[in-house]
Every structure is written in structure tokens, then in C-alpha cells.
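Novice: Take this sequence and fold it.
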Amino acid sequence: MKKRVTVFGSAFPKDGETEYNTAYKLGSLLAQKGFDINTGGYKGIMEAVSKGVHENGGIATGVTLSYVKSKPNIYLDKIISCDSLFERVTKLIELSDAYIVLQGGTGTLLELAAVWEYLNKSLIQTKPVACYSTMWLEIGKIINEQLKREGRDINRLSFFDDIEEIVEFIENCLIV
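Specialist: Predicted coordinates:
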């Protein structure tokens, strides 16, 4: 069975912008390595990753919200509709073997925090989490300081500034 990676990120980047292009490249590389992906299913980074996967032979699944007026992006092969934000986040976590967190705002922060807490509480088996951008590195440092004071594992997330390194990391973690 193919491994699935959930990619979290902002809905705001547009085609041609750096964040969009980075997400497209990530989706392309993941599909070329044989991974399928899950995203929130809408625009921005979600669309770019889905487009990269779709154009390179992978399956892109969008986990959307029934009450959102926006249409899912056109690069999705499958759509799973959820009735609440928390159901959606839970579904994105459950469906995946690994997680990649790209640039984003409070929604992406919520998704990262949920994955991190599920791992901290052993509510899911240990899975690789790759964070891209200095923003997540700085947030990670702050949270890891607190986790260290609490005597908890501070090695739940990995931080990168290169998309190729993220794909290599995910691939190495998921080789059976």
C-alpha cells in the first residue's frame, strides 16, 4: 500500500509566488518518490501541492469542510468532506504516515499543534513530522524549551530549509 503524507500550509499563496512554487515542487517530488498526499483541499499551498502530485502520477486527497463556501481545488483525485474543523484536522492526522508543515498562519499552527500533541500523548504511533521555514523553527525552539522543562520528548519534529531534504527525510523514515 502506498504511503500517504499530509501537507499543511496556508491558503493564501498564489501561483507564481515563492510559497506556492515551493509547495508545487514538494508535491512533484513526493509523487515522483511514490507518495500520495492529503491536504485541506482548497487554494494556496493545498492547491500547489495537489497540482504537483496530480501532474506527477500521485493521488491527491482533499479533506474539506462542508460549510466552507470555497470550492475544492481542481487537482484533487478524492474529496472527504467533514462537518467540523476538529473532525477535519483529526481526519488529516489519521490518514497519514507522515506530516509536512509548510508556511502558514493560525490554521496551520492549529494543525501542527494537534499533530504534536497527539504524538506527545501517544494518541498516534510515532510518525515523522517535517517543518519547513524559519517561522516553524523559532516556534519549535520555544515549545521545545517548555517540553524540556516538563521532562518530555523534544525530538518529535524535524526542521528543514530545503524541500529536497524534507522529501529525503520522509522517504528514509517510511522505508519498510
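
Novice: Span of stretch 126-142 from start to end?
Specialist: Its first and final residues considered, stretch 126-142 spans 22 Å by C-alpha to C-alpha, to the nearest Å.

Novice: any low-confidence regions in this structure?
Specialist: 176 (pLDDT under 70).

Novice: which stretches of it form helices?
Specialist: All helices of the chain, identified by DSSP state H, fall at 18-32, 45-54, 85-94, 106-120, 134-149, 163-174.

Novice: Report the distance from the fifth one to the chain centre.
Specialist: Right, helix 134-149. In terms of C-alpha atoms, centre = their mean, to the nearest Å, the centre of helix 134-149 is found 18 Å from the chain centre.

Novice: ok, residues contacting it?
Specialist: When contacts are defined by C-beta atoms under 8 Å, 6 or more residues apart in numbering, helix 134-149 is touched by residues 101, 103, 109, 112, 116, 120, 131, 153, 154, 157, 159, 161. Just so you know, the C-beta spots here come from the backbone N, C-alpha and C atoms, and that holds for glycine as well.

Novice: again with stretch 150-161
Specialist: Stretch 150-161 has contacts (C-beta under 8 Å, 6+ apart) with 116, 119-120, 128-134, 136-137, 140, 144, 147-148, 166, 169.

Novice: Buried residues, that stretch. List them.
Specialist: Using 16 or more other C-beta atoms under 10 Å as the test for burial, stretch 150-161 gives 156, 157, 159, 160.
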